[in-house]
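Provided below are the primary sequence and the corresponding predicted coordinates.
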Amino acid sequence: MKLSVVSDSLLQKFYLKDLSNNILDIDLDTDQNLKSGWYELCIEYVDTKIEISDILINDSSISHMIYTGYYTDGNGTIHQPATALWDTGGVFSIWIHTELGIMYQRVLEAIRNGDFGKNLFDNYILTVDRPFITKNIWPDHIRSFYANAHGPQWWYDNNKYTPWKYCDLPDYDTDELLRELEPLTIHHSTRKNGNYCIKQIKEHASDLPFIEIQDIPSALIRDFVSNVGYKRIIDISVQTLSPGTYIDIHRDDHYKRKAYPYMRGCKKLYWAVKAHEGVYFKQGRSGILPLDKPLLLNTIEHAHSVIHEGDQVRTSILVYGELD
């Protein structure tokens with residue numbers, strides 16, 4: 001691949017990062033012997049403000065796709081659209097592919113024409129699916145699922161296919177939450193020889209009728225689900241997963257349920273409240289999820305799997321309901 005950057009000042013520090021975050025030093029305007037695939041082009045501010053007007057791959061312009069790039073300033077704030085570098089510690093980043101046609105297809109299928117040149121982070125979520133080499137204890141289809149990497153993907157927010165997003169919640173004592181849920185989640189089931197346990201508030205999870213929030217006897221749980229944004233609840237469950245156990249690749253098939261209109265999209269709260277270290281939840285092309293914070297997931301449209309390579313039992317709280 002031949003990479004060129006058109007700018008008003010000479011670039012001083014630049015490099016590529018592959019999907020495994022390996023840094024590759026490159027020369028501009030000359031053919032580079034790179035494996036075909038996705039790379040993050042990073043250009044660091046040194047001591048001169050730089051305006052970038054174009055990026056070329058094999059002498060062809062990436063055109064308006066330059067606006068998928070963004071600038072992270074020295075304070076860590078992301079600016080987009082931004083095709084300039086202006087402060088100490090700042091980095092301009094953009095995902096490119098060695099084959100320009102593949103880059104065009106990926107970007108144009110994801111981003112609406114009128115949105116180029118706007119702040120994409122206002123209406124899109126950027127995920128990067130990276131290869132993950134698991135321990136040699138899983139079946140081949142699990143290992144290859146995690147090892148395969150889709151790379152960068154822009155997702156339009158708040159539609160049927162949005163894969164996940166963060167859920168902002170107040171600080172809760174998770175031990176207290178679990179204690180309050182214990183007498184409510186009375187329907188139990190076990191799988192994986194007892195290593196995957198589910199306790200849920202309804203016998204038939206994910207089915208209507210709704211549970212009205214005022215009918216939940218715990219004030220703490222009422223406050224919790226209300227702060228997520230639920231107006232009514234379909235189900236609440238607490239799930240535990242033992243080390244050395246996996247949840248097979250699947251999609252949550254709720255299409256025929258009467259509750260499906262309330263479940264489509266990012267509607268499932270997923271909060272790994274205990275021992276998420278060493279647990280890897282991969283959700284299709286969006287990659288491995290960040291389990292350090294509560295999430296709203298779309299597990300209906302995306303194949304997903306969980307492997308537990310840690311040494312403690314993971315505990316998660318899951319909720320479906322009608323969101324505001």
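That came in fine, so what should we check first?

who's in contact with residue 277?
Contact partners of residue 277, counting by C-beta atoms under 8 Å, 6 or more residues apart in numbering, are 310, 312. To be clear about C-beta, it is placed using only N, CA and C from the backbone, and glycine gets the same treatment.

the strands in the stretch 51-200 of the chain, which residues?
Under the criterion DSSP state E, counting those that start in this stretch, the stretch 51-200 of the chain contains strands at 60-61, 70-72, 78-79, 84-85, 91-97, 124-129, 151-156, 164-166, 187-191, 196-200.

By residue count, tell me the biggest strand in this protein.
What stands out as the longest strand in the chain, according to DSSP state E, is strand 230-241.

Determine the angle, from 0 to 180 degrees, between it and strand 187-191.
Using axes from the mean of the first three to the mean of the last three C-alpha atoms, to 10 degrees, the inter-axis angle of strand 230-241 relative to strand 187-191 is 40 degrees.

mind listing what's buried in strand 230-241?
By neighbour count on 16 or more other C-beta atoms under 10 Å, the buried set for strand 230-241 is 230, 232-241.

now stretch 174-183
Applying a neighbour-count criterion of 16+ other C-beta under 10 Å, one finds 177, 180-181 buried in stretch 174-183.

That stretch: how far from the chain's middle?
Here the centre of stretch 174-183 is set off from its chain's centre by 27 Å, with C-alpha atoms, centre = their mean, to the nearest Å.

Equivalent analysis for stretch 147-161, please.
Taking C-alpha atoms, centre = their mean, one finds stretch 147-161 lying 8 Å from the centre of the chain it belongs to.

and what of stretch 22-29?
For stretch 22-29, the distance to the chain centre is 27 Å (C-alpha atoms, centre = their mean).

If you count neighbours, what's buried in that stretch?
Within stretch 22-29, no residue is scored as buried using 16+ other C-beta under 10 Å.

Give me the residues contacting it.
2-5, 11, 14-18, 32, 34, 39.

Tell me the span between the first and last residue of it.
21 Å (C-alpha to C-alpha, to the nearest Å).

what do you get for stretch 18-26?
Taking C-alpha to C-alpha, stretch 18-26 runs 12 Å from one end to the other.

didn't residue 190 look like it was pressed against residue 240?
No: taking contacts as C-beta atoms under 8 Å, residue 190 lies outside contact range of residue 240: 9.5 Å.

before we move on, the earlier item: out of the buried residues of stretch 174-183, the closest to residue 126 would be?
Residue 126 has its nearest neighbour among the buried residues of stretch 174-183 in residue 177, at 30.9 Å by C-beta to C-beta.

Return the residues in contact with that closest one.
For residue 177, the contact set (C-beta under 8 Å, 6+ apart) comprises 220-221, 224, 273, 317.

per-domain residue ranges of the protein.
The chain breaks down into these domains under automatic domain parsing: 3-122, 164-323.

In JSON lines: those domains, plus distance to residue 149 and mean pLDDT.
Formatted as JSON lines, the domains of the chain follow (distance: least, C-beta to C-beta, whole Å; pLDDT from 0 to 100):
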{"stretch": "domain 3-122", "distance to residue 149": "5", "mean pLDDT": "97"}
{"stretch": "domain 164-323", "distance to residue 149": "8", "mean pLDDT": "96"}
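
what about residue 37, distance to residue 99?
According to C-beta to C-beta, to the nearest Å, residue 37 stands 9 Å off from residue 99.

now do residue 14
21 Å.

Does residue 70 touch residue 77 like I think?
No: Residue 70 lies out of contact with residue 77 (C-beta under 8 Å); the separation is 10.4 Å.

who has more neighbours, the two?
Neighbours around residue 70 and residue 77, counted as other C-beta atoms under 10 Å, are more numerous at residue 70. The numbers are 19 against 9.

The more buried one: what's its closest spatial neighbour, skipping adjacent residues?
residue 80 (4.0 Å; C-beta to C-beta, 6 or more residues apart in numbering).

Report how many residues lie close to the one you found.
Neighbours of residue 80 under the rule other C-beta under 10 Å: 19.

swap in residue 52?
Using other C-beta under 10 Å, residue 52 is surrounded by 21 other residues.

residue contacts, it?
Residue 52 makes contact with 5-7, 43, 66, 69, 83-85, 92 under the criterion C-beta under 8 Å, 6+ apart.
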